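Colleague: Sequence and predicted model, in that order:
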Amino acid sequence: MQMTDDDPIKFRCQGVNVWYGDTHAIKDNDIDIHDKSVTAFIGPSGCGKSTFLRCLNRMNDTIDICRVTGTLLLDGDDIYSRDIDPVQLRARVGMVFQKPNPFPKSIYDNVAYGPRIHGLARNRADLDAIVEDSLGAAGLWDEVKDRLAAPGTGLSGGQQQRLCIARAIATKPEVLLMDEPCSALDPIATETVEELIEGLGRRYCVVIVTHSMQQANRISQRTAFFHLGNLVEYDTTDAIFSTPQDERTVGYVSGRFG
Amino acid sequence: MTDAASPTPDASFHSSEQAVARLGKRRAAEWRLKLYGMIAIGVAALALVALLWNIAARTMNAATEHYIAVEAQIEPGEDDFLRVVKKSARAAFPYVSGRSGKRELYGLFSDGAADDMRRAQEAGTLETGDAVPMRFLMSDTADLYLRGEFGVLETGATTGPLAITPEGKDYRLESGSDAFAQALGQAKTGLVREAATLRRQAARQGAGITTLEERLPGLTGPEREDTLAQIARFGAERDRLEGQASALDALITGDRQVRLALTDRMASFLVAVNGGILKLTEVSAGTALARPLVPMDGENAAPEGAWSLRILDRPEIGRPVKDRQVAILETLQSDGRIEEVANWKFFSLSDSTQPEIAGIKGALIGSLWTMLVTFCLAFPIGVMAAIYLEEFAPRNRFTDFIEVNINNLAAVPSIVFGLLGLAVFLNFFGVPRSSPLAGGLVLALMTLPTVIIAARAAIRAVPPSIRWAAMGIGASRTQTVFHHVLPLAMPGILTGTIIGMAQALGETAPLLMIGMVAFITAVPEGITDSATVLPVQVFNWANASERAFDMRTAAAIAVLLAFLVVMNAVAIILRKRFERRW
C-alpha cells in the first residue's frame, strides 16, 4: 500500500459534538480526512460512526432534534457556517446509503436526476455523456447500456447499489460518503462494490462506514475506530489492524467485543 | 428460580387429550371467524344486489315513454300548440262530448306534445297541413295506467250471447241466466266493504258520545248545554251512518234479479262489444244497464265469444285515470295507435312540474359544474396543506392544534358546512345563491379535511429512503417533495380525493342551505348560474306528489350512481398511471 500521509487534507474536523435531544451521540471528536483515499469508520453498533458520517454532508439537519457543534472544514470552509447552503453542500459531498434506494424511475433518469437539478448538462448530449461516464465509473455501463429506460428498481441488489453510486458520482462530488454500502448485499455483489470503492478512492475522498473489519482492511487506507461516541483511535489501516494502541481498539479488532 | 417454575420438556403436553381438545377449540374458533366473515360479506352483497335490483327495476319504467298517433291540423306560423293538441284530440275522438268528457280526453295528452311541436317549428322541421300524422306525448297518468300502476283490466267470465236494446242514451244488456253474476258479486263485495267503513265511522261517533257523557256530570251552565248539543249532533251523525249502512245491507242481501246501481266507489265493469266499449251503470245477475264510452259499430246482438266483460278492480274514485280514459286507451291500444319509445328526452330536458317532461340534464350539468369547483378547490388546497404539514411545518403546539382541528372538521355534520356557506359565501361575499360556485365552495370545505388526511397518510407512507436518496445528491426539500415524494404519494392522494368527491357528489343537506333545492328548469351554463344537483333532484322528485315521479326518482338515482362510477373510473385510471413499484 502506498504511503498515504502525503495526501492533502479534505475535511478538518475539530471539537465535533452531536446531540439527539438529550443524548450526547458524538463527544468532542477531532479528525482529519484525507483526499483521494478511502477512510473507514469502524466500531460497534450505536457508537456514532454513522452519525458522524452524516455530519459531513449535513444530512443530520433533516432530523429536527439533532444538534451539531464544533468546526467542520471542507477545504478550509466551515460547512456549518451561514454562508454554506446545505443543499449545495450535498451536491459536493455525495452519499450512498446502506440499503440501495434507487428512485422508482428509469436507470437513465436515476443517474440524470442530479445533473438535471444542478444544471450540469447544457443539452441532451451532455446529459447522455454524464450518464454514460457515471455508469461507467460505477462499473454498470456494460450491464445496463441496452436498457437505460428500464426501471432502476428492477436491477439486482448489487446493481442497484452501484446505480446509487453512479447517481452520486453524476453530480461531480468531491467527497463520497458511504454508510455501510455492502451490508444489504450478497458476497459476490459485495466484492464488486468493494473493488469499485477501491477504485473510486484514487479519485475522490471516500469515507465509508462499515461493520466488517475485513472490508475496512481490504479497501481503506485509513481507519477510525469509534466507541460510545468517542473517536478512540485514528491511524492508517495497517497500523490500526496490526499495532493498535488503545485497549478498546485491540479488543474490537481482535473480535473480543463488537 | 425454583424447579416448579422452570419449564421442562414434556412430550405429553402436546399430545395429551387436553392438547387435542385445545387444538379442536382453536380450529373451531378459526372456522367460526371465517364463517362470520363470509356471512358479513354475504349480507353486504345481498343488500347491494337488492338495492341495485330495486333501482334497476324501477328505472326500467322510466326508460320508455308512450306516444299517441293522431292526425293534427297545423297552420303555417301556428303559435298556440296547446290548441292544436286539443283540436286534434277532438277530431280523433269525435264521440267524446260534454265538458268533463273533453277534460278527460285532453287529460290523456301531455303539455310536452305542444312543446315537441314548438321545438320542431323552431328547428324548421314541423310539417303543416290539415292532417299531418303526428305523435303526441302521453300524460303521466295515462302512461302509468299503461304500465299497470292503477291495476290491470281483467277479463271476467261471460256465457252466452249478448242482446243489446237501446234505452234512452243507454243500452240494456241481456245475456244467459247468470252472465253478470260475477260482476254483481264483485260489486256487492265492494258494498260490504263500504258498509263496514260506514259502521266504523258510526262507531267513532258512538265513542265520542260515551266520552262526552262521562264528562257530563261534572259540568254546569252553558258548558253543559254545549256538551248536550254536541252529543245530540254526534247521535244524529251516527244514526245517519247506521242508516246508510243498513240501506247497503238491504242492497247486498237484495234479489239477484233486481238491478243494483253501480257507483264510483265500486270496481268498474266495461263491456267490449261491436267495436265499442260500454260501462255498466246498473247490474243484476242476468241483465245490466250500460252507458257507451266508445260507440259501437251497430246494435246487433253479439254471439258468445264476440263480447267480453272487463273489470278494473280499483274504484274509479281511487285512481286519477277515469273509466272513459281507460276505454279510449284500450281502443287506441287495440288499434295500434300507441307507440312505446326509448325515453332519451330524460337526458335532454331539465326539471319540470310535469313528470312526463321532466329530465335530468339540468341536475347532471349542475353536478358537473359543482364537482368541478369542488375538485379545483379541494384538491390543490388539500394537497398543498398536507405537504406543508407533513414536510415543512415545524412540530409544535400550533401545528398540533391545526392537526387536531383538521381531524375534527372531518367529523362535522355536513349541514353545518351548509350554514357556514350561507353565512360566509352567500351573505358576506355575495356569491350567487343556488349557483354551482356556492355549492362547490361549500362542498370543497366539506371535502378538504378528507383530502388533507388522506394526502398526509399517503405522503407519510412514502419510504424515507427515497427522501434521503434525493437529498443525498443535493436535491432541496422542495425538489425532493415535488420530484419524488408527491408522485409516489399520488395514488394514495387520489384514493382519498375520490372518497371525498364521492361523498360530496351525494351530499344534499348543505346544498339545501344555500338554495340549490330551488326549482330550476334551465341548464346552468356556468358556475354562477342557478342550478340544482343530482342528489337534490332525487330529493325533490322523491317528495313530489305525482306518482310518475317515482320511476324518475329511481332513474335519477341510477344516473347519480353512473356519475359516481365514471368519476371513480377516471380516478382509478389516473392512479394506475401514477402507480409505481419501489
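Modeller: The structure has been received and is ready for your questions.
Colleague: quick one: residue B:74 and residue B:132 touch, right?
Modeller: Yes. Between residue B:74 and residue B:132 there is a contact at 5.4 Å, judged by Cβ atoms under 8 Å. Quick note: C-beta positions are derived from backbone N, CA and C, even for glycine.
Colleague: And the strands in the chain?
Modeller: Looking at chain A here, since you left the chain open. A:9-20, A:23-34, A:37-42, A:66-74, A:77-78, A:93-96, A:175-179, A:205-209, A:222-227, A:230-236 (DSSP state E).
Colleague: actually chain B
Modeller: Across chain B, reading from the start of the chain, the strands by DSSP E fall at B:64-74, B:129-137, B:154-155, B:163-167, B:170-174, B:260-261, B:268-273, B:276-283, B:287-294, B:308-312, B:338-342.
Colleague: Between residue B:74 and residue B:132, tell me which one has more neighbours.
Modeller: Neighbour comparison, residue B:74 and residue B:132: the larger count goes to residue B:74, with 22 against 16 (by other Cβ atoms under 10 Å in any protein chain shown).
Colleague: so who does the closest residue in space to the more buried one that isn't next to it in sequence touch?
Modeller: By the measure of Cβ to Cβ, 6 or more residues apart in numbering or on different chains, the closest residue to residue B:74 outside its immediate chain neighbours is residue B:128, 4.8 Å from it. By Cβ atoms under 8 Å, 6 or more residues apart in numbering or on different chains, the residues touching residue B:128 are B:74, B:75, B:76, B:78.
Colleague: I'd like the distance between the third one and residue B:212.
Modeller: So that's residue B:76. When Cβ to Cβ, to the nearest Å is the yardstick, residue B:76 and residue B:212 sit 73 Å from each other.
Colleague: Likewise for the first one?
Modeller: To residue B:212, residue B:74 is 67 Å away according to Cβ to Cβ.
Colleague: quick one: terminal-to-terminal distance for stretch B:166-186?
Modeller: Here the two ends of stretch B:166-186 are set 25 Å apart, with distance taken as Cα to Cα, to the nearest Å.
Colleague: Report the contact partners of the closest residue to chain A within chain B.
Modeller: Taking Cβ to the nearest Cβ, chain A has its nearest neighbour within chain B at residue B:474, 3.1 Å off. By Cβ under 8 Å, 6+ apart, the contact set of residue B:474 is A:87, A:88, A:89, A:90, A:91, A:92, A:94, A:114, A:117, A:118, A:171.
Colleague: Does the fourth one touch residue A:58 like I think?
Modeller: Yes. With contacts counted by Cβ under 8 Å, residue A:90 reaches residue A:58, the gap being 7.0 Å.
Colleague: The closest residue to chain B within chain A: neighbour count?
Modeller: The shortest separation between chain A and chain B is 3.1 Å, found at residue A:91 (distances taken as Cβ to the nearest Cβ). In terms of burial, residue A:91 registers 23 neighbours under the definition other Cβ under 10 Å.
Colleague: Which residue is the nearest non-sequential neighbour of it?
Modeller: What sits nearest to residue A:91 in space, not counting adjacent residues and going by Cβ to Cβ, 6+ apart, is residue B:474, at 3.1 Å.
Colleague: Next: residue B:131.
Modeller: Closest to residue B:131 by Cβ to Cβ, 6+ apart is residue B:71, at 4.2 Å.
Colleague: how about low-confidence regions in chain B?
Modeller: Chain B contains residues with pLDDT under 70 at B:1-6, B:177, B:580-582.
Colleague: hmm, back to that, of the strands of chain B, which stretch is the most buried?
Modeller: When the strands of chain B are scored by mean count of other Cβ atoms under 10 Å in any protein chain shown, the highest mean neighbour count falls to strand B:268-273 (a mean of 24).
Colleague: and that one, which strands flank it?
Modeller: Each strand that pairs with strand B:268-273, with its direction, by DSSP bridges: strand B:276-283 (antiparallel), strand B:308-312 (antiparallel).
Colleague: Residue B:117 touches residue B:126, doesn't it?
Modeller: Yes. Using Cβ under 8 Å as the test, residue B:117 is close enough to residue B:126 to be in contact (6.0 Å).
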